[in-house]
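Sequence plus predicted model, see below.
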Amino acid sequence: MKFKAPCTSANLGVGFDVFGLCLNEPYDIIEIKEDEGIIIESDLNIEQKKNVAYVVAKKMIEDFKLKGVRIKIKKGVKPGSGLGSSAASSAGTAVAINELYNLKLSKLELVEYASLGEELASGDKHYDNVAPAIFGGFTIIANKKPLDIIKIDVDLNIIIALPDITINTKKAREILPKCYKLEDVVNNLGKASAVVYAFLKDKERLKYIMDDKLAEPYRGKLIPNYFEVKNILKDKVYAISISGSGPAIIAFPKEDCANEVKEVLKEYYGNVIETCVGKGVECLKN
Ligand SMILES: Nc1ncnc2c1ncn2[C@@H]1O[C@H](COP(=O)(O)OP(=O)(O)O)[C@@H](O)[C@H]1O
Ligand SMILES: N[C@@H](CCOP(=O)(O)O)C(=O)O
């Protein structure tokens, strides 16, 4: 069987560890078949037990007493880009094993299995990439225990800039403060609520994505020219922000400004991807 496992953009500015958006591309291609034990082949230069796909497969095989799997992963985006590269492989593996062995797990259960990969990759069980990778669309982690995810279908043009540096999510989490000022927390609460409304009814209010006080002030400095580019583009986009922990930047261009936004991002960062909202992991071949 063959699956498309999409990249995702977490946080969307003010929704740290809560908001996530599935992208139509880039994506991993995951091929799976029955085998003895666990065999992971990937184009990453890491031993198989360090591959997020391994920990997800191991737990599912133990829990359901399965024979085993051979999984081949072709990466669509390099790890440490801020586009949920590890989540794409984790989510793709969970969905692929579910389909191969006809386990009939719910999406919430699949997100729980996939989150084991995120724990390995970033040292923290954050669900904001694996949730949209499995559900598609825009997702909200409403509660972690028990896990409750809200999915909203959205339709938006997206431009991603991929600066040519790597930011390790684990390290980008470690540089964040352990305590915040109440006014900063209140700022994000109000604006995150408005972003949900924006996705449902009023795109103009996506502008609140751009006012994050919890992560961007600390992480923006790690991305060359980030604040300058954000300032140049702020009136040509509904919103622009760091994607996940960066360095990728996600922009939602206004309808008549897409080319201009693309050109500015190209000029600063070279590598630009135009895409739209994705549907989550999809089976390409049975
Ligand atoms: N299948 C995989 N795909 C991507 N990264 C993986 C995979 N397996 C293990 N990793 C590890 O996960 C880490 C990348 O995760 P992270 O820094 O969160 O980047 P990203 O935001 O791209 O997921 C790297 O240390 C990488 O080696
Ligand atoms: N909420 C997480 C999201 C990390 O996303 P990634 O794509 O950079 O792995 C965080 O901001 O740490």
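Okay, I see it. Ligands and ions are numbered 1, 2, ... in the order given.

tell me which residues of stretch 187-199 are tucked away?
Neighbour-count burial for stretch 187-199 flags 187-188, 191-192, 194-196, 198-199 (criterion: 16 or more other Cβ atoms under 10 Å). All C-beta spots, glycine's among them, are computed from the backbone N, C-alpha and C.

now, which of these sits nearest I273?
F199 (21.1 Å; Cβ to Cβ).

so how many other residues sit close to the residue in the stretch 101-250 of the chain that ligand 2 sits nearest to?
Here the residue of the stretch 101-250 of the chain nearest ligand 2 is G244; by Cβ to the nearest ligand atom that distance is 2.6 Å. Neighbour count of G244, defined by other Cβ atoms under 10 Å: 31.

ok, now which ones touch it?
Residues in contact with G244 (Cβ atoms under 8 Å, 6 or more residues apart in numbering) are 8-11, 82-84, 129, 169.

for K207, same thing?
238-239 are the contacts of K207 under Cβ under 8 Å, 6+ apart.

among the contacts of G244, which are in helices?
Secondary structure assignment by DSSP state H places T169 of those in helices.

still on that earlier bit, inside helices: which ones of the buried residues of stretch 187-199?
187-188, 191-192, 194-196, 198-199.

how close does I273 sit to ligand 2?
Per Cβ to the nearest ligand atom, to the nearest Å, I273 is found 14 Å from ligand 2.

Name the nearest residue to that residue, sequence neighbours excluded.
I160 (4.4 Å; Cβ to Cβ, 6 or more residues apart in numbering).

pretty sure that neighbour contacts C276?
No - between I160 and C276 there is no contact under Cβ atoms under 8 Å: 11.2 Å.

So these two - more neighbours on which side?
I160 (25 against 13).

Near F138, how many residues? Count them for me, please.
With other Cβ under 10 Å as criterion, F138 counts 25.

That one contacts F19, doesn't it?
Yes - F138 lies in contact with F19 (Cβ under 8 Å); the separation is 7.1 Å.

List the contacts of I242.
11, 13, 82, 215-216, 219-220, 223, 226, 248-250.

And for L222?
Going by Cβ under 8 Å, 6+ apart, the list of residues near L222 reads 167, 172, 246-247.

For those residues, which two are the farthest from each other?
Among the contacts of L222, A172 and P247 lie farthest apart (Cβ to Cβ), at 9.5 Å.

Could you list the buried residues of the lengthiest strand in the chain?
Longest strand in the chain by number of residues (criterion: DSSP state E): strand 19-34. For strand 19-34, burial by neighbour count (16+ other Cβ under 10 Å) applies to 19-32.

Direction included, what does the helix or strand just after that strand pair up with?
With elements assigned by DSSP states H and E, the helix or strand that comes after strand 19-34 is strand 37-42. The strands beside strand 37-42 in its sheet (DSSP bridges) come out as strand 68-74 (parallel).

Need the residues that contact the strand it pairs with.
Under Cβ under 8 Å, 6+ apart, the answer for strand 68-74 is 28-44, 51, 53, 57, 61, 89, 92-93, 96-97, 100.
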